[in-house]
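**Q** fold the following for me, if possible:
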Amino acid sequence: MRHVPPATLSASWSVAAAVPFALVALVAVSPAHPIYDEAWFVATVRLFQRDGFSLTFLREFPGAAGPTFTVVFAGINDLFGLAFPWLRLVNVVLLVATALSLWRCLALTRPASQEPALTAATLIVLPTVGVAAGMALTEMTAAFFAIAGLALLTQAFTAPRSVAIAWCAASGLTLAAAILGRQNYLVLLPCLALAVRWHDGAPDRDQTWRVALVAIIAVVMVTPVFAVWGGLVPPRTAWSSSGLAPDNVVRGAGYAGIIVLLLTPAIYAPLLRRSWLPVVAAATAFPIAVALGRGLVPLRTTMSALFGERSLTFIAWATAYLLSFAALAFIGCFALHLWRHRDEWLTRMTGAAALLGLLSNAKITHQFSSRYVFVIVPLLLIAAAPAMRLTRWTPLQMTSAAGISLAALASYYWAG
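**A** Residues are numbered from 1 along each chain as shown. Presented below is the predicted three-dimensional model:
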């Protein structure tokens, strides 16, 4: 993001700054009762207040996600005693805190001329973020700890050896909290190996012990919880499956592809330079949509009101095709982007973690949700940052992304 007109920069910052206020306004008029999964997760707070972080608490924990959300919201409840709808503001605050942590990551690893602060602020406007931040759900809490853990890791890399141990310990503890918030973040642990630089065919020893310490601390913290559960999810989880759903990967990658398009269209430049690639992707997407695409209607309530129930079947399969095409384009172009930036440790680590995170959604669920994609969105943003450029179209891109995000949140409120 270099040599940009001040008006473009100001307009972009205005969009990013307006979204948190829009979220607060939506929360203020949102239902004064739990909707969708909120009741499920908030009920675990009472369980924690009764039993504390004990074996009984862990064994009786009912949700598929871990207890990080419960512990954080129990602490907030003890301090402020918030009720609905104001309880939803906790995740709005955590969204801003996540953007600040992301800025710290980029500021330590990217040149100042690339506007790391605005790049980080872009997180606030992206699709899927509004629902995660505007409802009392688990994803935002886990994402905050994940990105805070990466910010602490970047700090550990730049700190002198005498204090690096403390930064590494803090990073490991924070990443453990992220994993116990959303088990998808387990993908960060193997990807930590990609953070190590190599010199003359050998890994950098100084970085290696720092990364190893972070990983060891995280593993030590999460292993006892999984041991009590006898697996990655609590034994009393109401609905789970060991089966696989490949269409969830296609949908997740499709959502990720659309988000990256709004973030930085430059990643898709190879499709424009080779005209036959879009044709191949378009043709390949059709059988994938037919074979894997269960009918999917985005913003179902809104679509039904605008176009009527009879149109939903067409919208569902059109969406399945669009996501299949977007998934193919994203996987190919994003992999090429990562290869081109393979010498940048933060890009290759977060990019690999984002792709593995999408694969982690390949489990059968009773209903796929864009919220499952949100957990990898901050990682996508970090990995895509080297390709981001501020242009005259950036404010429009950010406005479009924010509109999708806020509309999705509003549809949850109206339908809930």
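**Q** what secondary structure does R342 sit in?
**A** Assigned with DSSP: H, G, I helix; E, B strand; the rest coil, R342 falls in the coil class.
**Q** I'd like the average pLDDT over stretch 105-118.
**A** Stretch 105-118 carries an average pLDDT of 78.
**Q** start to end distance for that stretch?
**A** Stretch 105-118 has an end-to-end distance of 13 Å (criterion: CA to CA, to the nearest Å).
**Q** show residues contacting that stretch.
**A** Residues from elsewhere that reach stretch 105-118, judged by CB atoms under 8 Å, 6 or more residues apart in numbering: 1-2, 9, 12-13, 16, 103, 119-120, 147, 150-151, 154-155, 157-158, 344-346, 382, 385-386, 388, 390. (Glycine included, C-beta is placed from N, CA and C.)
**Q** the stretch 301-416 of the chain: helices as residue ranges?
**A** Applying DSSP state H, counting those that start in this stretch to the stretch 301-416 of the chain gives helices spanning 312-340, 345-359, 371-374, 377-384, 394-415.
**Q** with the stretch 1-150 of the chain instead?
**A** 6-28, 38-51, 55-60, 68-80, 89-109, 116-121, 129-134, 139-158.
**Q** and the fourth one, how far out from the chain's middle?
**A** Here the centre of mass of C-alpha atoms in helix 68-80, compared against the chain's by CA atoms, centre = their mean, to the nearest Å, lies 21 Å away.
**Q** same thing with the third one?
**A** Per CA atoms, centre = their mean, the displacement of helix 55-60 from the mean C-alpha position of its chain is 28 Å.
**Q** distance-wise, check L108 relative to L188.
**A** Applying CB to CB, to the nearest Å, the value for L108 to L188 is 18 Å.
**Q** and these two? Which one has more around it.
**A** L188 (26 against 15; other CB atoms under 10 Å).
**Q** secondary structure class for the more buried one?
**A** helix.
**Q** excluding its backbone neighbours, what's nearest it?
**A** Nearest residue to L188 in three dimensions, chain neighbours excluded: A353, at 5.3 Å (CB to CB, 6 or more residues apart in numbering).
**Q** also L186?
**A** According to CB to CB, 6+ apart, the nearest residue to L186 is I179 (5.5 Å).
**Q** got the buried residues for stretch 221-235?
**A** M221, V222, V225, F226, W229, V233, P234 (16 or more other CB atoms under 10 Å).
**Q** can you list the residues you listed in TSV and add pLDDT and distance to R273?
**A** Output for the buried residues of stretch 221-235, formatted as TSV (pLDDT from 0 to 100; distance: CB to CB, whole Å):
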residue	pLDDT	distance to R273
M221	97	46
V222	96	44
V225	95	48
F226	95	46
W229	92	49
V233	86	44
P234	86	49
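**Q** tell me which of the residues you listed is nearest to R340?
**A** V222 (33.6 Å; CB to CB).
**Q** quick check, that closest one in a strand?
**A** No. With three-state DSSP as the criterion, V222 is assigned helix and is not in a strand.
**Q** tell me if I'm right that it and R182 touch.
**A** No. V222 is beyond contact range of R182, at 11.9 Å (criterion: CB atoms under 8 Å).
**Q** and the residue nearest to L186, what does it touch?
**A** Counting by CB under 8 Å, 6+ apart, I179 makes contact with G66, A142, Y185, L186, L188, L189, A218, V222.
**Q** 10 Å instead?
**A** 66, 68, 142, 145-146, 149, 185-189, 218-219, 221-222, 225-226, 232 (CB atoms under 10 Å, 6 or more residues apart in numbering).
**Q** just to revisit the earlier point, out of the helices of the stretch 1-150 of the chain, nearest to L396?
**A** Closest among the helices of the stretch 1-150 of the chain, once you apply CB to CB, is helix 6-28, at 9.0 Å.
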